[in-house]
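Chemist: coords please:
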Amino acid sequence: MIDNYDDLAQTSMFKDIPPEEIPSLLKCMQAKCVNYDKGEFIIDKDSYVYDFGVMLSGNGRVIIWDESDRIVIITLLLLLMQHVTHE
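Modeler: Prediction:
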């Protein structure tokens, strides 16, 4: 699982959840931490998706192949932690 929940507590998705409740929430959701190697595919366009993810570090790309079998980058996914404050 995740060692430090402070990063998640700083994201928009978890901003209204008290930081001490994040571990039990993730356990209830059966969350898991998955590591991918550089260049590894996470999902294929023809795959069914049953889960969603939160990128904790690194970056990713959304790509397709053109008719000449060349890669076309559609979107760059960069990790930009948006810090929020808990009031």
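Chemist: Would you map the strands across this protein?
Modeler: Remark: strands assigned in the chain by DSSP state E are 59-65, 71-78.
Chemist: Of those, which stretch is the most buried?
Modeler: Among the strands of the chain, strand 59-65 has the highest mean neighbour count (mean count of other CB atoms under 10 Å), at a mean of 12. All C-beta atoms are positioned from the backbone trio N, CA, C, and that covers glycine.
Chemist: what's that strand packed up against?
Modeler: With contacts defined as 3 or more CB pairs under 8 Å, 6 or more residues apart in numbering; DSSP states H and E, strand 59-65 has these neighbours: strand 71-78.
Chemist: The strand it packs on - what's its average pLDDT?
Modeler: Across strand 71-78, pLDDT averages out at 70.
Chemist: And stretch 35-46, by the same measure?
Modeler: When pLDDT is averaged over stretch 35-46, the result is 82.
Chemist: Taking the chain centroid, which residue in this structure is the extreme one?
Modeler: Largest separation from the mean C-alpha position in the chain: Ser68, at 30.7 Å (CA atoms, centre = their mean).
Chemist: Can you check the pLDDT for that one?
Modeler: According to the prediction, Ser68 has pLDDT 87.
Chemist: in the protein, which helix has the most residues?
Modeler: Criterion DSSP state H: the longest helix present in the chain is helix 22-28.
Chemist: so how far is that one off the chain centroid?
Modeler: Centre-to-centre, helix 22-28 and its host chain are 16 Å apart (CA atoms, centre = their mean, to the nearest Å).
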